[in-house]
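A.B. asks: Coordinates for the following, if possible.
(3 chains)
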Amino acid sequence: MTPELGQLALILALLLAFAQGVLPLIGAWSGSRALMSIARPAAAGQAVFVMLAFGLLTWAFLSFDFSVQYVADNSNLALPWYYRIAAVWGAHEGSLLLWIFILNLWTLALATLSRNLPEIFVARVLGVLGLVAVGFLAFIIFTSNPFARLLPMPPDGGDLNPVLQDPGMTFHPPVLYMGYVGFSVAFAFSIAALLGGELEQAWVRWARPWTNVAWGFLTAGIVAGSWWAYAELGWGGWWFWDPVENASFMPWLVGAALIHAQAVTEKRGGLRAWTILLSIFAFSLSLLGTFLVRSGVLTSVHAFASDPRRGLFILCFLAIVVGGSLLLYAMRAPKVAGGKPFAVVSRETAILIGNLMLTVAAAMVLLGTLFPLLGDALNLGKISVGPPYFGFLFTLLMLPIVLLLPFGPYLRWGKSDVPVLKKVMWRAGLAAVACAIVAAFASGGESKAIAGTAAAVWCCFGTLLYVFKRWREMPAGRRYPAEMAGMLLAHFGVGVFLAGVLLTNALSVERDVRVAPGESQSIGGYDFRFDGVHHTQGPNWQGDQGVVTVLRNGSTVAVMHPQKRTYTRGQVQTESAIDPGLFRDLYVALGEPMDASQPEGAWALRLYDKPFVRWIWAGGLFMMLGGFFAAADRRFRTKRVAVTTTAPAGALQESRA
Amino acid sequence: MIRAPSPVGAHPVRDHQAKRYARGRAQGALLQMLCLLLFTGLAFAQAIDPLPFKDHAQEVRFQSLTRELRCLVCQNENLADSNADLARDLRHEVFDLMQQGKSDEQIKQYLVDRYSDFVLYDPPVKASTMLLWFGPFLILLAGAAVVMVTVRRRGRAAVTVTNDKPTEEGDDW
Amino acid sequence: MSRLLPFFGFLLLVVLFGFGIWWNTQHDQREVPSPLINKPAPAFVLPKLDDPAQTVSRDALLGKPYLINVFASWCIACGEEHPVLMTQGKSIGVPVIGYNYKDASEDAKEWLSKHGNPYDMVIVDREGRTAIDFGVYGAPESFLVDGKGVIRYKRIGPLTPEVIEKELKPAIAALSKEAP
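C.D. replies: Now for the predicted structure:
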């Protein structure tokens, strides 16, 4: 009975989303307060039913209801309860339910925190969000129903894909979707601005905190995915330029451009049309990501089961939403360039250059991801586009941004003094060169290590220079407004990230070795002593566990336990052992016994020493924090519009006396 | 001794008739998932495969070469990481060719002759990939032109240096 | 006017995606077209299944076209293809040579005796080394080789009656038109 309730809840949610989408927009256009005021209640109602549906699906998993097809496909009696919850979003239908659930979270937040915004604007924003919700709910109800029944009910289910049975994987989709879906808010703001003819000039200031928070979540989601791939999947790799990874990276790049463009528009009035266009691009790329993963148009590790019917549905939805927005943009975007003028040497110019590089990078990733499809369409043959292409071009395109980064806070709006900038250049440059020389000696001339050190010090030290300047020049309490703190954190994070990427790339060592129990192999100054393999088991798996003792200069650094697990349905999964560290990770994966009939004998192992790999994710987390801090700035909290009354000042004074 | 039949290394049943479509697709999806995990219980080839390299430099060269090649069975993985039987065979092939003194280019050409450009993750620069390799550069040029025009246009009006008084717009820093 | 640029760019993208969805219904995305079409088949020398002392080579087979069918006892799709070969093998018009790929010979013999042997002869590639030269990446696959030893057609996946009628037989017919 309850799964059908879930279906009913979704249908009711669809109706309410329809009301939320259509009526307030009509009200805003016709000036009807009654229609506009439907927006918040409708949003609340939709949220109630979507959450109900989500809760019912979760309950179905927790109570082992294998009469629901989706539950039977993705869980079984041995699956621990925490992974049964994760299984709710482990496959296509449930992940869409998560999507709409998170859209409702954002909508509710917006409905609650927008009391100080003009009603007509809020009506439009909520209306747009409602229309997006209509699309997703319709998609779920008509093509991807998570509550479909499986009768007769099987005694036990399939299994959640073992690679998904991992904390990182549990965390990654919800956080990622918070980012993906969060860009719908910036999108809705922009559409509302286009519809309203930008009568409310402050709309960009209202949009900024939402955009920064969404971008922060997306950063965290990508970091979580990368960390999970490293720990679970890719033999020590952390980014593969896989189509679905690219699908999350493109909105991130455009989002980064957007948060900077919004700053220019809010503070200087310029780039109004570009900011709107970027908001549309960011959300479009989110939707595009949804399309790519589920339509089967591209092969990917990540892809959910593909189905042309679903692909066609999303494509139509994509065409309507994005096509409609771009048409609206063509018709209503500001035609005349506005805003305060600025010189060549100014923060505006730097942000423009940064925007250019980020947007071209996003376009490059899109081109590379779609090129195999283009190759089929134009009969160019079957071409692969992989890390050598993306990594090379991306590095080239990011170079100007890295070079400009330390100057960001020092540049003034409108016109900047060159001497100040020259000082920054010399100081940061000197520090970078000095550290690069040290790196050259320490790494034995590894060019990527030298470049990574130089770039990281350039960015981090350059950013710290400004931190010190503010500390010296401003009184306590006024030194670091939240928006500035966010910027400094994020820029610092870029440096940390660069260090991680280039140093890991240059200095990682990987070896496949065969070892008998008691024997040692060494890499990177560490000795790995293999102490044999024994049997072990978990809640829903059996496995072999190896013991590897790591020594450095004779003393034990770590004891590692790489595993090979066989899950309830027979799938085998390698659980690599990782010894994490601030400056290096040690990583051991268990292979096969050299002689299958002698598991007490020698085994094949893969050993890694990965210096600075955690800095990659640390850098990402700094960037995420930067986004969140920037959003928290007091400037962005909307004040209640002052109501002018005619109460005489005298009366107030009298009452005090 | 009969080995249990396995879809590993088998092409999914492919038929354009609708009733077999789902099964063909399901086998394709199954293959994908199996490639993600290790294969079910059989004696399978593993990506962990100690080979007798002459020295560490040769091992590093092997690793970077196999990372640039696509596995044709597990098409989402590179040759270095794939557990498929064919991947192991091809890795050994690459190893043998390296021992014979062939260069990276020659080894890649050897595989391209047999499996087409699809096996290269680094797309070759030829007529059919002009758009891929030069497209981003063209977009960059177009964008740079727009930026230059914008900056020049904005610079024409009088520009005043902002003072440090805090403003509503927060453009004082 | 330039404001419409993003819209038209997006339209192109939609067309591309629409094509992609359609293309996927017509093709197997995993299929890798062979670069060996119209190139000489590798100069293979492989032992026969029933008599490993005897070998078969490409040069020995020159003169008349033949079909190589890559199969293995562990391959499920080969089991689906097998009945088609049993019923239509003879009607194809050229000899069908079974190519046992990465299989234990006893398993292959047992499989053939259980299901029937549609092949004019069966050669064995135990390690799959020669198969790499053919660009084989799975089973079943079929290669049409002409009288001069040149590969003229490759089928990736099982042979079905439809494929035999629409693709294989016309390819064979084209061969006979040009042969002197």
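
A.B. asks: For residue 156, report the pLDDT, please.
C.D. replies: In the absence of a named chain, chain A is used. Listed pLDDT for A:Asp156 reads 89.

A.B. asks: that's the other chain; I wanted chain B
C.D. replies: Note on B:Arg156: pLDDT of 75.

A.B. asks: Spatially nearest residue to it, not counting backbone neighbours?
C.D. replies: In this structure, B:Arg156 finds its nearest non-sequential neighbour in A:Pro341, 7.2 Å apart by C-beta to C-beta, 6 or more residues apart in numbering or on different chains. For the C-beta atoms, the positions are set from N, CA and C on the backbone; glycine is no exception.

A.B. asks: mind checking which helix or strand the one you found is in?
C.D. replies: Here A:Pro341 sits in a region with no helix or strand, counting by DSSP states H and E.

A.B. asks: and if you look at A:Ser384?
C.D. replies: Using DSSP H and E, no helix or strand contains A:Ser384.

A.B. asks: My guess is it contacts B:Asp117. True?
C.D. replies: Yes: here A:Ser384 lies in contact with B:Asp117, judged by C-beta atoms under 8 Å, at a distance of 7.1 Å.

A.B. asks: what's the overlap in contacts for those two?
C.D. replies: Common contacts of A:Ser384 and B:Asp117 (C-beta atoms under 8 Å, 6 or more residues apart in numbering or on different chains): B:Pro123.

A.B. asks: now A:Leu397: how far from chain B?
C.D. replies: For A:Leu397, the distance to chain B (C-beta to the nearest C-beta, to the nearest Å) stands at 7 Å.

A.B. asks: hang on, isn't that residue packed against A:Ala363?
C.D. replies: No: taking contacts as C-beta under 8 Å, A:Leu397 lies outside contact range of A:Ala363: 9.7 Å.

A.B. asks: Common neighbours of those two, please.
C.D. replies: Residues touching both A:Leu397 and A:Ala363 (C-beta under 8 Å, 6+ apart): B:Pro136.

A.B. asks: pLDDT of the lengthiest helix in chain C, averaged?
C.D. replies: Using DSSP state H, we find that the single longest helix of chain C is helix C:5-26. Confidence for helix C:5-26, expressed as mean pLDDT, is 91.

A.B. asks: repeat for stretch A:223-242
C.D. replies: The model assigns stretch A:223-242 a mean pLDDT of 88.

A.B. asks: That one and chain B in contact?
C.D. replies: Yes: for stretch A:223-242 and chain B, the contact criterion (C-beta under 8 Å from any C-beta of the partner chain) is met by A:233-235, A:237, A:242.

A.B. asks: and if you look at stretch A:355-365?
C.D. replies: Yes: judged by C-beta under 8 Å from any C-beta, stretch A:355-365 comes into contact with chain B through A:356, A:359-360, A:363-364.

A.B. asks: related to what we said a few turns ago, send me the longest helix of chain C as PDB with only the CA atoms.
C.D. replies: Output in PDB follows, covering the C-alpha atoms of helix C:5-26 (Å, rounded to 0.1, in the frame of the first residue of the first chain):
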ATOM      1  CA  LEU C   5      24.000  33.400 -30.900                       C
ATOM      2  CA  PRO C   6      23.700  31.300 -27.700                       C
ATOM      3  CA  PHE C   7      20.200  30.200 -28.700                       C
ATOM      4  CA  PHE C   8      21.400  29.000 -32.100                       C
ATOM      5  CA  GLY C   9      24.400  27.400 -30.600                       C
ATOM      6  CA  PHE C  10      22.200  25.500 -28.200                       C
ATOM      7  CA  LEU C  11      19.900  24.500 -31.100                       C
ATOM      8  CA  LEU C  12      22.800  22.800 -32.800                       C
ATOM      9  CA  LEU C  13      23.600  21.000 -29.500                       C
ATOM     10  CA  VAL C  14      20.000  19.700 -29.300                       C
ATOM     11  CA  VAL C  15      20.200  18.500 -32.900                       C
ATOM     12  CA  LEU C  16      23.400  16.700 -32.000                       C
ATOM     13  CA  PHE C  17      21.800  15.000 -29.000                       C
ATOM     14  CA  GLY C  18      18.800  14.100 -30.900                       C
ATOM     15  CA  PHE C  19      21.000  12.400 -33.400                       C
ATOM     16  CA  GLY C  20      22.900  10.700 -30.600                       C
ATOM     17  CA  ILE C  21      19.700   9.200 -29.200                       C
ATOM     18  CA  TRP C  22      18.700   8.000 -32.600                       C
ATOM     19  CA  TRP C  23      22.100   6.600 -33.400                       C
ATOM     20  CA  ASN C  24      22.100   4.700 -30.200                       C
ATOM     21  CA  THR C  25      19.000   2.800 -31.200                       C
ATOM     22  CA  GLN C  26      20.600   1.800 -34.400                       C
END
